[in-house]
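Novice: coords below, sequence missing:
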C-alpha cells in the first residue's frame, strides 16, 4: 500500500534520483538528460520554499515517487491557478497506482487551498496518464531546458 507523506529537506537527493531515473526510463539520450538535469534537480531549499509543496510516496518505508505543486504558476497570472511542478515514479514501481495516488493527493491539496485550476507542463510520454486522470491539453508550450522542444500544456479543472 502506498503511503503519502510531506517531503523532508533530507529527501532532496532521493527525489532528484527518482526524477532523473523516471525521465531516463523513456529512452532519452545522455545529452538530453544533461540538458534537463538542472530542471529535474530537487534542492533542500526548494523543498523548504513556501511556494512549493512536495509529497513523497513510500512503499515499505522507501520513497518510490513524489509530486510537487508550485502555488504561484509562472504559466498563468490567475491567482486561482497553480502548477504541477513534478510527478515522478521509479520505473520499477510504475503500474502500481503510485502515480495515480500522488496525483489524487495533489488534486485534494489544490482543492483544499481553494485553487480552481492545476496546470501541467507534461512530458509527451506522461500526457496519456494526465488525460486519463482528467486533464485536457490546452496548447503546446516551449520547453525551459531544451530549445525548440514543445511540451503539452495541460489543465485540470478542480471541482
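Specialist: Cool, the structure landed. Owing to the predicted nature of the structure, the values given are computational and were not obtained by experimental measurement. Numbering: from 1, shown residues only.
Novice: show me where this protein dips below the pLDDT cut-off.
Specialist: Within the chain, no stretch has pLDDT under 70.
Novice: what's near enough to touch the nearest residue to residue 103 once chain neighbours are set aside?
Specialist: Spatial nearest neighbour of residue 103, excluding adjacent residues (C-beta to C-beta, 6 or more residues apart in numbering): residue 133 at 5.2 Å. Placement of C-beta: from N, CA and C, glycine included. Counting by C-beta atoms under 8 Å, 6 or more residues apart in numbering, residue 133 makes contact with 100, 103-104, 156.
Novice: can you say which of the residues you listed are buried?
Specialist: Among the contacts of residue 133, those scoring as buried are 103, 156 (criterion: 16 or more other C-beta atoms under 10 Å).
Novice: and the contacts of residue 133, which is closest to residue 18?
Specialist: Of all those, residue 18 sits closest to residue 103, with 15.3 Å by C-beta to C-beta.
Novice: could you pull up phi and psi at residue 144?
Specialist: The phi and psi values for residue 144, taken as degrees, to the nearest 10, are phi -80, psi -20.
Novice: tally of neighbours for it?
Specialist: Applying other C-beta atoms under 10 Å, we find 13 residues neighbouring residue 144.
Novice: out of everything not next to it in sequence, what's closest to it?
Specialist: Distances taken as C-beta to C-beta, 6+ apart place residue 39 nearest to residue 144, at 6.0 Å, with adjacent residues excluded.
Novice: and that neighbour, how far from residue 7?
Specialist: Between residue 39 and residue 7 the computed distance is 18 Å (C-beta to C-beta, to the nearest Å).
Novice: between those two, which has more neighbouring residues?
Specialist: Ranked by neighbour count (other C-beta under 10 Å), residue 39 and residue 7 place residue 7 first, with 23 against 13.
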